[in-house]
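K.L.:
return a 3D structure for these sequence lines:
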Amino acid sequence: MSKRPPVTALGFRGLALTPLTAGSETDEPGTPEAILTRQPSQDIGDRQNARPTLSHRLRHTSSILAIVLSDEEIFAGTQGGEILVYNLSTFERKAVIEGHRGSVLGLCLSQDAELLFSSAGDRIVNVWNTIDLTRNCCLYSSYDVGDLFCVSYSASLQTAYLGAQNTTIQWCSLSNRVAKTSALRKEVHPSARDDRFFDSAGPGGIRTPRRTDADHRPRHAKGGDVIEIGKENVEHFAHYGYVYCMQLIKDGVPESAGNEVLITGGGDGVVKLWKLDAKRGGAVEELYSLDDGREEGHSILSIAVDGNFIYSGRSGGEVDVWDTETRQLMRNLKAHRDDVLTICVGGGFMFSAAVTGYVRKFDRQYQLKSRLKAHEGRILASAFTYHRQRPIYVTGGNDCTLGIWDISDCLSPTVTATRTSNEQLFESLRRFVSYRTVSSDPKYQVDCRRGASYLRSVFKNFGAVTEMLTTQDPYNPVLLARFRGNPATAKKRKKILFYGHYDVVAADNVTGKWIIDPFVMEGIDGYLYGRGTSDNKGPIMAAIFACAELTSEQTLGSDIIFLIEGEEECGSRGFEDAVRASKDKIGDVDWILLANSYWLDDQIPCLTYGLRGVIHASVQIESSHPDLHSGVDGSSQLDEPLKDLVMLLSTLTGKDGQVMIPGFHDPIPQLSSEEEALYRDITAALVKQSPGLGDTESLAASLMRRWRDPTLTIHRFQTSGPDNNATIIPRLAKASLSMRLVPNQEAGHVSEALVTWLQTQFERLGTNNSLTVTVDHMAEPWLGDWTNEIFKTLEDAVMDVWSPANDPQRRRSSSNSALRSTKGTGPLKVAIPEHPSNGHASTTKPSPTTSSMLANSSLTSPIQPLTTLLEDTTITPPPKSARSSSSHKRSTSSVTLTNSTYTRHEDTPPRRKPLYIREGGSIPAIRFLEKEFSAPAAHFPCGQASDSAHLDNERLRLVNLYKSKEIFKKVFRDLPQK
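P.N.:
Take a look at the predicted model:
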């Protein structure tokens, strides 16, 4: 079965443009629509008037000049000579091809989407294999053609056509390369020619010599045949001006019915149609020209074809519509106030884009339906296609970005608008994020209730039974929802409890540190930015949609119970009481699952089996006297509260962070050999991924300190008196502190020991001030059994979803494989970090490995200079479902690749297991739920280490959201069968 032909929109790539004129008619924001050349439709309720909305923004470091879309990828040519490759589903950047020394001005895909043609300002056309992204061949002309603005390819003739700055159209057959490459004259290759300016002679007739050993080729413009286009394959003066754009069509031209026709537009303002002569090697022969007769001859900068209609975008902002059957000019639209650089047609609409940065959408009656500001600068390229039955519109501009636009209104009203589950998931999460569910601020209480109500409506829409569990006022309610499995197995159905929270930490953009409005989710560079996308609204939505898909497929064999609270960021206030009061409604539970954390880095999926507990407390010392002036009342006889507080807090910890409370470290369990093996696997994987992390032993010791050791932290001080007054002796001093606990440490016992220790040490100070110790919040530590059924089910699901697409190299990372030493690898030589009692310590202190270090070690910023993803790497072939069978067997119309070094592997790539990790943070509810329902819990991190939860610019990678849904789906389906 052959592929659907790719949809290509060719536009202007190199003309020197005139400055924008303020106050011109069509794109001036304040201009009423009534003065437009064509009036917009006034149909009431016409869904076609809907304005396209931005779905995703992809950033780069140089202008986007050309775009072409395949079934699964976006290819974008840049001013820097690169070709960017993005996944059309997740918008992940798959590769950056450094292919040209000049700007990439034109892109074209073969009909089977296996060959990509790129033309550029370096006077070269490169042909790329879209499967492994290697260069298949290189085409160049013996003439000095200047910039190559456009390129097209005829699969039936196996011939490439290119439009040049020197007014020529040239063509080259790829079917007989041996004869063409045997007579190659390297001295006329563009890279070897003298530049008219830089290689010209200077004063005295002397010019700077070239280095003979220098390789001027771009990084990836290597390999494949180098073909010189014969001088007989040139149509001189094809236009009386630059040949800016071209497109091949097969139908719609009566004079050449059933045969391909080449349509070109040039700087002379004329559209020309060319017949292709197969007997003469694909030579072009002019059929006729389409000229509106204007003397000024505004350039044709872009063309698009829809049936027997040709749309041509002109300088000056006009769009001409030609009928190829009658050769008549059907319409002349004044679409923009300045040059129309790119046009494309799809979904029953024509989209025109101009140097003003605006896109305009016209219907088949040439009525203006809507417009939008798409780029902060000139729009230089655009393309339209259908991706999995959904219309996609992509634009690129000189603001160095690609815009992906939601144009679902392009679907005909008579056709049922089918949305994939992933699209619904994206839109539902966008709306969920818009609710400012900040539990710590009373002014957002109504927003929290609205957010909970919206989440409840999502559950209801998918058939779940829901109820709001009330909590003590003014705390936010707990949402209880249940997806029921097969009714025939009601008595023996297993039950999985999913825990999450809909509240978020506060976020504002007063300081301008956010790149977006925190509560307006935006897709940028493959990530979803917004408060709560990662913590915890994204994972909740993924779990809901997993249940919804199982329900629609009638494969949900268990009951999935959701407990989603609204006070987690404030210590789960009221949650325990609400759950205890509703245990009869919740019922029995077999397993507990939560997804409220992140990977260790940005590359390797993880499963979490342990969390530290926490105690939050405040220590306050107060004097009976008021605030005093240090110059008037300060003396050694005065007991100052702040001094007492500092001395008191100094008794809590010793050197190396040892907590001095008696018996504090006694309950800490020893490191077992099984858990030591997990650390060995973690450190080996991280150091292999990021060698800059150092040696494995130091890294393991640092991780154990974070995960297995209890700690005490002093967070902040508060004093009475006016701020910024350096002479005040405050009457009151207060400090906030927290203690992180590990398994075997009971929060109640530790808090009592803390209070007792502080009171004892305070009495030793002999001060007249008073002490108050308040325990504000407690949460128990949690340690799960990573060998039980729920963890093993999670492991299998993670491997099924992530391994084929992430890394074909299999690593040994499960608890079972970690127990077996590899050849040449001994046991990890690191013991449990001990706290010396004799006061002696090592003279050197290693720096801790923080979470930000792990995140940054594997993070590639989307705005950094880009490099290839190809060099020194192995590209995993896509699964068969991602491409049609024609990807594995070339059609008769495509060129046989003779130089590709890529080999397909029919065997399933090795699978990689997730890392089993512990975390230093705390989640109050997890240990409580285990005790309350006598069920084992497991923790599945959805996000990456660089998600910036609780920080500015929180985000979640789109592919992580989609894959998390698939993992939840497998676990909800498979776990009850264990």
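K.L.:
for residue 750, give its distance to residue 940.
P.N.:
Using C-beta to C-beta, to the nearest Å, we find residue 750 at a distance of 29 Å from residue 940. To be clear about C-beta, it is placed using only N, CA and C from the backbone, and glycine gets the same treatment.
K.L.:
residue 431 too?
P.N.:
If you go by C-beta to C-beta, the gap between residue 431 and residue 940 works out to 24 Å.
K.L.:
and residue 476, by the same measure?
P.N.:
As defined by C-beta to C-beta, residue 476 lies at a distance of 24 Å from residue 940.
K.L.:
give me the neighbour count for residue 501.
P.N.:
By the criterion of other C-beta atoms under 10 Å, residue 501 has 29 neighbours.
K.L.:
need the residues that contact the host helix or strand of residue 718.
P.N.:
Secondary structure from DSSP states H and E places residue 718 in strand 711-719. With contact meaning C-beta atoms under 8 Å, 6 or more residues apart in numbering, strand 711-719 is reached by 641-642, 645, 649, 652-653, 657, 659, 728, 730, 732-740, 920.
K.L.:
6 Å instead?
P.N.:
Residues outside strand 711-719 that contact it (C-beta atoms under 6 Å, 6 or more residues apart in numbering) are 652-653, 659, 730, 733-740.
K.L.:
by neighbours, which of these wins?
P.N.:
Most surrounded of these: other C-beta under 10 Å gives residue 739, at 26 neighbours.
K.L.:
tell me what that residue is bridged to.
P.N.:
Listed beta-bridge partners, residue 739: residue 615, residue 712 (assigned using DSSP bridges).
K.L.:
and if you look at residue 479?
P.N.:
residue 468, residue 564.
K.L.:
number of residues surrounding it?
P.N.:
24.
K.L.:
now do it against residue 454, distance only.
P.N.:
Applying C-beta to C-beta to residue 479 and residue 454 gives a distance of 10 Å.
K.L.:
quick one: least confident helix or strand in the protein?
P.N.:
Sorting the helices and strands of the chain by mean pLDDT, DSSP states H and E puts helix 815-818 at the bottom, at a mean of 36.
K.L.:
who's in contact with residue 308?
P.N.:
252, 324-325.
K.L.:
name the member of these with the most neighbours.
P.N.:
Neighbour-wise, the contacts of residue 308 (other C-beta under 10 Å) top out at residue 324, 25 neighbours.
K.L.:
in the contacts of strand 711-719, find the pair that's most separated.
P.N.:
Spatially, the most separated pair among the contacts of strand 711-719 is 730 and 740, at 29.2 Å (C-beta to C-beta).
K.L.:
quick one: average pLDDT of stretch 221-230?
P.N.:
Averaging pLDDT along stretch 221-230 gives 92.
K.L.:
need the residue closest to the centroid of this protein.
P.N.:
Centroid-nearest residue in the chain, with C-alpha atoms, centre = their mean: residue 526, separated by 1.8 Å.
K.L.:
low-confidence ranges in the stretch 51-200 of the chain?
P.N.:
Applying pLDDT under 70 to the stretch 51-200 of the chain picks out residues 176-189, 191-199.
K.L.:
make it 90
P.N.:
Filtered on pLDDT under 90, the stretch 51-200 of the chain yields the residue ranges 51-53, 142, 175-200.
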